[in-house]
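K.L.:
Sharing a model prediction with you, sequence too.
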Amino acid sequence: MYTDPAEGRGLLELWSPTSVRCLTAILIVSVLAVSCFVLFDDSDESDAVPVGDFTYTLGMSNATVTGYTGASSEITIPSSIHYGDDDYTVVAVGAEAFKNCLLLESITIPDSVTTLGNGAFSGCRFLQTVNHSNSITFIGERAFEQCNSLKNFTMPNGLTTLGGIAFYECTSLTSVTLPNTLSHLNGNTFEFCTSLSSITLPNNLDMIQSDEFRGCALTTITIPASVTSIDRSAFEDCTLLTTINVEDGNTKYEAVDGVLINYDTATLVCYPAAKSGSSYTIPNNVGTVSQWAFYHCVNLKSVTIPNTATNRAGAFYECTSLESVTFGNSIATIYADEFDGCTNLKSVTLPSSVTSIGDCAFTRCISLTSLTIPGNVTSIG
């Protein structure tokens, strides 16, 4: 026991009986509180336990599938299990529970399941059929990533969350209808679904994020009136896309002759890669052309750029059929990467108003034999 050299008394002697009783009471209450938390906290999960051909983590009354140890190609997840002296309702398929299960061809998910975790069926390359009810409200990131044999998937009517990359590289998926309970897409959701030719978007969708439909086989798409934000790369590599439509009442976007324009920011967002017609004049009300807006436009051979379009960095990147460009007579800048990869561009005459040419503006223009640069140019990247 430590002794205060000044007082010559033990510190514990300073405590009165009342102080000791108060401290004891506080300690007892604290222990009881912790005990109650342990007893009644339903979020506490034990380690995975085996039941039949599955493994589970267990909560107070619910179970989450964490793995499969069987050898069947057709699997039915039970709605409940019995373990020890207790019964548990199966409510979720956990993260990566069936990841890279190459035996799996068909899965039946019971009504009791509301959640499919991140990567739940990722890499199940031979999965063809998913039977489920409308009770699923959450599909996590990468849930069906690279399920290359999945041709059809009926979205649950009550779905409220669809994670990013959820159906990435589902190369056999042909058609999708998203329920109206879904208001948000999280990016790359259907990227490189190379057979996806039809998609119906929910009528209260608020945004379409990066690479959402990149590499899909869409020929046309209709943007709901509710959408307020569309990333410039949402339809990148959609080489069969001919027309983009926008529903009446949208306050941000419009489709002008099948071309997507954000009239709120005066931005041309996307010129469909397979749009018919060999020539196009950018509307005078456009001030910005998004990067890669004309990417891989296979039919476009000539374009007219008005004086108003003053921001065009990378706009015609790899527009491989483009042969000629007509510039407005007061355009001052040729932007970085503006015509990068325009392999059929043969001759360009820049107007006398041009004073600056950005980095890599004509990189990989392998057919370009004539480029007339005015004497006013003071900067070349």
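P.N.:
Arrived safely.

K.L.:
For the stretch 251-381 of the chain, which segments count as strands?
P.N.:
Secondary structure of the stretch 251-381 of the chain (DSSP state E, counting those that start in this stretch): strands at 253-256, 259-262, 267-270, 279-281, 288-289, 302-305, 324-327, 333-334, 347-349, 356-357, 370-372, 379-380.

K.L.:
Identify whichever of these lies nearest to T66.
P.N.:
When the strands of the stretch 251-381 of the chain are compared by Cβ to Cβ, strand 267-270 sits nearest T66, at 41.8 Å. To be clear about C-beta, it is placed using only N, CA and C from the backbone, and glycine gets the same treatment.

K.L.:
Packing partners of that closest one?
P.N.:
Packing partners of strand 267-270 (3 or more Cβ pairs under 8 Å, 6 or more residues apart in numbering; DSSP states H and E): strand 259-262, strand 288-289.

K.L.:
10 Å - rerun?
P.N.:
On a contact count with 3 or more Cβ pairs under 10 Å, 6 or more residues apart in numbering; DSSP states H and E, strand 267-270 meets strand 229-230, strand 253-256, strand 259-262, strand 288-289.

K.L.:
can you put these in CSV and add mean neighbour count, distance to G187 and mean pLDDT?
P.N.:
Output for the helices and strands packed on strand 267-270, formatted as CSV (neighbours: other Cβ atoms under 10 Å; distance: least, Cβ to Cβ, whole Å; pLDDT from 0 to 100):
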stretch, mean neighbour count, distance to G187, mean pLDDT
strand 229-230, 18, 12, 96
strand 253-256, 18, 18, 97
strand 259-262, 24, 18, 98
strand 288-289, 22, 22, 94
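
K.L.:
before we move on, back to that, can you tell me which of the strands of the stretch 251-381 of the chain is nearest to A95?
P.N.:
Between A95 and these, the tightest spacing by Cβ to Cβ is seen for strand 267-270, at 34.4 Å.

K.L.:
What strands line up against the closest one, and which way round?
P.N.:
Strand 267-270 sits in its sheet next to strand 259-262 (antiparallel), strand 288-289 (parallel), going by DSSP bridges.

K.L.:
what sits up against the shortest one?
P.N.:
In this case it means strand 288-289. Contacts to strand 288-289, defined as Cβ atoms under 10 Å, 6 or more residues apart in numbering, come from residues 232, 262, 265-269, 271, 282, 303, 305, 308-316, 335, 338.
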